[in-house]
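1. dropping the sequence and predicted coords here.
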2 protein chains.
Amino acid sequence: MNLILLFQDDFQEYKGRVRLQGRRLDHVLKVHRAIVGDELSVGELNGRIGTGRIIALSQSVLEMDVKLDRLPPSKLPLTVILALPRPKFLKRVLRSASSMGVQRIILLNSFRVEKSYWQTPFLSHDRLREQLLLGLEQAGDTVLPEVLLKPLFKPFVEDELPGIAAGTVSLVAHPTAVHSCPRGVNQPTILAIGPEGGFIPYEITKLVACGFQPVRISDRVLSVETAVPALIARLF
Amino acid sequence: MNLILLFQDDFQEYKGRVRLQGRRLDHVLKVHRAIVGDELSVGELNGRIGTGRIIALSQSVLEMDVKLDRLPPSKLPLTVILALPRPKFLKRVLRSASSMGVQRIILLNSFRVEKSYWQTPFLSHDRLREQLLLGLEQAGDTVLPEVLLKPLFKPFVEDELPGIAAGTVSLVAHPTAVHSCPRGVNQPTILAIGPEGGFIPYEITKLVACGFQPVRISDRVLSVETAVPALIARLF
């Protein structure tokens, strides 16, 4: 937690004072080992970042006077389309994508995605949000990425994707692609990443028809939790 | 497991036949759902890769005739020096570094490394090797990276590092560095990555004195498990 995220309910009668309990209080006590007078990095959800000066601190409550005077780091102009990974990887990938500043994450079905993955409780709004917030706290950001669930491949790719992909650099990571993933693109980009075992040829064909170029990052097969940060760092 | 690693003891009386049990057998039964006659990707530890044709398969044993006729993917000419991460991150970082083809991993002490991390059973030879092998199986590689443990920062950096770093691009990832991490270096490189909270100024000074240039990958603070694949993908 390199930044303590503040929510609307934390703010007291006048805007500059916050009162925190629970997980964030525990973290300040046990990890920061902070004392009254210390200044901590804080940020308001979807808002500015700054510092919080500790006014009161006990086992039950933390009070800070906060000054939010800076913009959070800018987002990458990047949408990641991810064939829904198994739940244990999903959590880590959401955290790392959120920490790296991905703007939008689309979780998509694919032939090789196990059907049961769509039943996991981790896809609930609150559980997704929890992982995204952890990524923001890690990175010092405040702006939640958007997450969309698309459990049907064909209608998404045929009806919605052309609009989303228009005007972007559209890439699909594919281990057998001829072209290497470009470096330092720094333009609006959509990156599609397949499931374990990869997208099937039909899916690649549909993505190519939508303007996606297959690219590879390595002659090695990387797990999704390694591939996501690797591809993002290659592109931006 | 995109490649089944074979060890000396697996080979039967004549070199082309292997007999497997345990974890690899389970994986072939449950994940590959293979049957007699199927061909699987295999590789001999620190040797060639190829295919194994299933000759016999039961709940207790898998026999294959193997043909090892290709070289594994080449290693990156990269040494990663890592301030020892907490055990749960260490495992993942070892797997991802191994899967990405890092040649050598040096686990180093640093002021902000918790002393208790050096006591973890995960630092035993066998436990380290287990994670590295998982990374190789993921990537389709056979060649184990070298792992060195350096629990004393100063003597390592003063006495050993100059020899190791000579003739390489030497970089230390540092969130406040002025220079961005270079892209596509493709030369022998050493990359040092600090602990949570970063290397302290004294440590940065010692590394700089050894020829290391501080570089940053982002204006965001990334966790070590995200930073390692991101930095490697930026460099190679």
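-> Okay, I see it. Numbering: from 1, shown residues only, chains lettered A, B, ... in the order given.

2. who are the contact partners of the residue nearest in space to the middle of chain A?
-> For chain A, A:S98 is the residue whose C-alpha lies nearest the centre (CA atoms, centre = their mean; 2.2 Å). Counting by CB atoms under 8 Å, 6 or more residues apart in numbering or on different chains, A:S98 makes contact with A:131-136, A:139, A:141, A:144-145. C-beta here means a position set from N, CA and C on the backbone, and glycine is covered the same way.

3. out of those, who's the most crowded?
-> A:D141 (28 neighbours; other CB atoms under 10 Å in any protein chain shown).

4. so which bits of chain A are right by chain B?
-> Listed as neighbours of chain B in chain A under the rule CB under 8 Å from any CB of the partner chain: A:2, A:73, A:92, A:95-96, A:99-101, A:138-141, A:183-184, A:217-223, A:225-227, A:229-234.

5. which PyMOL command selects the buried ones in these?
-> Applying 16 or more other CB atoms under 10 Å in any protein chain shown to those, the buried members can be selected in PyMOL as follows:
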select buried, chain A and resi 2+73+92+95+96+99+100+101+138+139+140+141+217+218+220+221+222+223+225+226+227+229+230+231+232+233+234
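
6. which non-adjacent residue is nearest A:R127?
-> Nearest residue to A:R127, sequence neighbours excluded (CB to CB, 6 or more residues apart in numbering or on different chains): A:P121, at 6.1 Å.

7. how distant is stretch A:102-118 from the center of its chain?
-> On the basis of CA atoms, centre = their mean, to the nearest Å, stretch A:102-118 sits 14 Å off its chain's mean C-alpha point.

8. measure it end to end?
-> End-to-end distance of stretch A:102-118 (CA to CA, to the nearest Å): 22 Å.

9. can you list contacts of it?
-> Under CB under 8 Å, 6+ apart, the answer for stretch A:102-118 is A:75-87, A:90, A:94, A:97, A:123, A:145-153, A:156, A:164, A:192, A:194-200, A:202-203, A:232.

10. could you list the domains of chain A?
-> The record's domain parsing of chain A by automatic domain parsing lists A:4-70, A:78-235.

11. measure the first one end to end?
-> Yep, that's domain A:4-70 we're talking about. End-to-end distance (CA to CA), domain A:4-70: 14 Å.

12. what mean pLDDT does it get?
-> The pLDDT scores in domain A:4-70 average 95.

13. just to revisit the earlier point, looking at the residues of chain A next to chain B, which are in strands?
-> Using DSSP state E, no member of the residues of chain A next to chain B sits in strands.

14. partner residues bridging the closest residue to A:T51 other than its chain neighbours?
-> Spatial nearest neighbour of A:T51, excluding adjacent residues (CB to CB, 6+ apart): A:E39 at 4.7 Å. A:E39 has these beta-bridge partners by DSSP bridges: A:R53.

15. what about A:E39, neighbour count?
-> By other CB under 10 Å, the burial measure for A:E39, its neighbour count, is 15.

16. same check, this time on A:I35
-> When neighbours are defined as other CB under 10 Å, A:I35 has 10 of them.

17. can you give me phi and psi for it?
-> Backbone geometry at A:I35, expressed as degrees, to the nearest 10, gives phi -130, psi 170.

18. who's in contact with the residue nearest to A:H179 when sequence neighbours are not counted?
-> In space, and not counting its chain neighbours, A:H179 is closest to A:V215: 5.1 Å by CB to CB, 6+ apart. Contacts for A:V215 (CB under 8 Å, 6+ apart) come out as A:171-174, A:177, A:179-182.

19. how near is A:V215 to B:P182?
-> Counting by CB to CB, to the nearest Å, the separation of A:V215 from B:P182 is 21 Å.
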